[in-house]
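J.: Pasting the sequence and the predicted model now:
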Amino acid sequence: MSEFSLFNTLTRSVEPFAPSDGETVKLYTCGPTVYNPAHLGNFRTFLFEDLMRRALRLRGWKVVQVMNLTDVDDKIITRASEQGKTIREVTDPVITIFHEDRKYLRIEDAEHYPRATAYIPDMIALIERLIANGVAYVADDRSVYFAIEKFAMYGRLSRLDTREIQSGARVSQDDYSKENAQDFALWKAAKPLDEACEAAWDSPWGRGRPGWHLECSAMAMAILGETIDLHAGGIDLIFPHHEDEIAQSEAATGKTFARCWCHGEFLLTDGAKMAKRVGNVQNVADLRRNGVSGAAVRHFMFSTHYRKQLNLSGEALEGSIEGVRRIGDFAERLTAAQGGTRGLEEAADRLDRDVRTAIFDDLNAPNAMAALFEFIRTANKELDAGGSEAGSLRRAREVLAMVNGLLDVQPDRAAADADLAGWVEGQLTARTEARARRDFGTADAIRKALDEKGVVIEDTAAGTRWKLDQ
Ligand code: AMP
Ligand code: ZN
């Protein structure tokens, strides 16, 4: 079997990778903080992880993936108190949207989606272990902190200059910069605001809530065990989140927490990191409304290697929409073909080899994609030449299905039809509302937009009916 390699952030090099038991990859991926729908930047990371799990399976391993849902943290509590809600009332609807968006982007189901709030006892037990090991301490306000100077390996993942460590100084917020490498909170004593939005639990140290970093350590170890094979996330998680996860886990168990760490680069818009703070986010819902398919988004994300920055632009998305259309046209042609040539079979064998080589070499999706388009060019020529070999046609279909199982960039007619129907229904509601308020300009504009998509509408006593003009 061919080798499989990944860039390991711990060593900053591409290394051979295999699960420790030779069979099942234990994969932990840091999931969304569910206070707002995830934006396309978040989904670049989740798509890279989707590609990773599909590649691991193509290589022949089983995968057990955990993607946590961070449903209690500083940002969620702020949001809940702004809206006068409990954290649960804030997070439940966002989790529903997350799964809808994820399915739209064809991101496979992970085996586990634990919510942090369901693992509070595991988190408390982990803190007790850390206190017993002398690396965590209870502060005057009954919060618990991790003493980073007691953990000699602190800073290894992020290559933090340990001379910067400020002995005894503390940071209580979940996110902070390297300049603030201080003792971080494992457990935060409850404030009235936390109680008001039901973000406080009983503990040996009094009422409080877990720190963000601790949540992942506890969930990863509870579900996957003390040593996992692979841990992934976006590049911004290296410090402090993953550095702190390593400290908490390894200082408790004395074992390696994750054998390999992988980080995906950012999605940018106009050269800046896409982030809610910057106000330049695009959601999946925005793309969906504009008729951009999940397949096109995948094509766009996979056209650049996961360790390179990627800029979102209308032009690039247009290119991906066109690319996906070409793949769809070719797939239909291959389905309808009656026979193939020797050359078609050779091209399919080459595609099979090239895609595996590319993807097993640190998930080189752009090379895999290039091999696919090279194949489409050659295969189209071979199909032009006719041919009657059933075996060659079968082989071409089989390899195309393998590639699609990996990249999943083929348009799905049924999905496209469902999306169109959803869009039409939305337009019709808006048109009815516009007419009710006698805004005939808007109503006419909607009718024109429907016309342009070939949607014919008929106003009846029972409401508006529609069909496609075909
Ligand atoms: P969060 O919901 O903020 O915890 O982030 C969820 C995931 O999205 C993390 O793995 C982040 O590293 C990742 N992420 C956040 N912003 C971006 C971005 N602009 N591009 C790629 N990944 C991102
Ligand atoms: Zn995490």
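T.: Alright, I've got the coordinates. Ligands and ions are numbered 1, 2, ... in the order given.

J.: show me where the stretch 101-250 of the chain has strands.
T.: Along the stretch 101-250 of the chain, counting by DSSP state E, counting those that start in this stretch, strands occupy 136-138, 144-146, 170-171, 183-189, 208-210, 228-234.

J.: swap in the stretch 301-450 of the chain?
T.: Assigned by DSSP E, counting those that start in this stretch, the stretch 301-450 of the chain shows strands spanning 310-312.

J.: in it, which ranges drop under the pLDDT threshold?
T.: Along the stretch 301-450 of the chain, segments meeting pLDDT under 70 span 413-419, 421.

J.: Tell me both backbone torsions, phi and psi, for the closest residue to ligand 2 within it.
T.: Residue of the stretch 301-450 of the chain nearest ligand 2, by Cβ to the ion: residue 306 (17.8 Å). All C-beta spots, glycine's among them, are computed from the backbone N, C-alpha and C. Torsion angles at residue 306 (phi, psi; degrees, to the nearest 10) stand at phi -60, psi -20.

J.: That one - how many residues pack around it?
T.: The number of residues packed near residue 306 is 26, by other Cβ atoms under 10 Å.

J.: One more: the one 3 residues further on?
T.: Counted by other Cβ under 10 Å, the residues lying close to residue 309 total 13.

J.: residue contacts, it?
T.: Taking Cβ atoms under 8 Å, 6 or more residues apart in numbering, we find residue 309 in contact with 265, 266, 267, 268.

J.: Quick check: which of those residues are also close to ligand 1?
T.: 266, 267 (Cβ under 6 Å from any ligand atom).

J.: distance of the closest residue in space to residue 58 that isn't next to it in sequence from residue 448?
T.: Once flanking residues are discounted, residue 58 sits nearest to residue 406: 5.8 Å by Cβ to Cβ, 6 or more residues apart in numbering. Distance, residue 406 to residue 448, by Cβ to Cβ, to the nearest Å: 41 Å.

J.: contacting residues around stretch 73-81?
T.: 33-36, 70, 86-87, 89-91, 116, 173-175, 193-194, 196-197, 199, 212, 215.

J.: How about it and ligand 2, touching?
T.: No. Applying Cβ under 5 Å from the ion, one finds stretch 73-81 separated from ligand 2 by no less than 10.7 Å.

J.: Please apply the same query to stretch 257-268.
T.: No. Shown here: stretch 257-268 not in contact with ligand 2 (Cβ under 5 Å from the ion), separated by at least 10.9 Å.

J.: for the record, mean pLDDT for that stretch?
T.: On average, the pLDDT along stretch 257-268 is 97.

J.: what's the domain layout of this structure?
T.: Per automatic domain parsing, the structural domains of the chain span 5-269, 291-407, 423-468.

J.: Including distance to residue 275, could these go into a markdown table?
T.: Shown next, in a markdown table, are the domains of the chain (distance: least, Cβ to Cβ, whole Å):
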| stretch | distance to residue 275 |
| --- | --- |
| domain 5-269 | 7 |
| domain 291-407 | 13 |
| domain 423-468 | 28 |
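
J.: Of all the ones you listed, which one comes closest to residue 282?
T.: domain 5-269 (4.9 Å; Cβ to Cβ).

J.: Can you tell me the closest non-neighbouring residue to the residue of the stretch 1-150 of the chain found nearest ligand 1?
T.: Residue nearest to ligand 1 within the stretch 1-150 of the chain: residue 41 (2.5 Å; Cβ to the nearest ligand atom). Closest residue in space to residue 41, ignoring its immediate chain neighbours: residue 274 at 3.6 Å, by Cβ to Cβ, 6+ apart.

J.: residues touching the one you found, list them.
T.: Counting by Cβ under 8 Å, 6+ apart, residue 274 has contacts 39, 40, 41, 266, 267, 268, 280, 281, 282, 312.

J.: Restricted to strands, list these.
T.: Among the contacts of residue 274, the ones falling in strands (DSSP state E) are 267, 268, 312.

J.: sorry, back to before: go through the strands of the stretch 101-250 of the chain and find the least confident stretch.
T.: strand 170-171 has the lowest average pLDDT among the strands of the stretch 101-250 of the chain, namely a mean of 92.

J.: which residues are contacting that one?
T.: So strand 170-171 is in contact with 139, 145, 180, 182, 183, 184, 185, going by Cβ under 8 Å, 6+ apart.

J.: Save these as TSV, and put in distance to residue 5 and neighbour count too.
T.: TSV is the format used below for the contacts of strand 170-171 (distance: Cβ to Cβ, whole Å; neighbours: other Cβ atoms under 10 Å):
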residue	distance to residue 5	neighbour count
139	44	15
145	38	23
180	35	15
182	36	20
183	37	23
184	33	25
185	37	24
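
J.: Redo these as CSV? Include distance to residue 465.
T.: Putting the contacts of strand 170-171 into CSV (distance: Cβ to Cβ, whole Å) gives the following:
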residue, distance to residue 465
139, 67
145, 64
180, 61
182, 65
183, 66
184, 60
185, 59
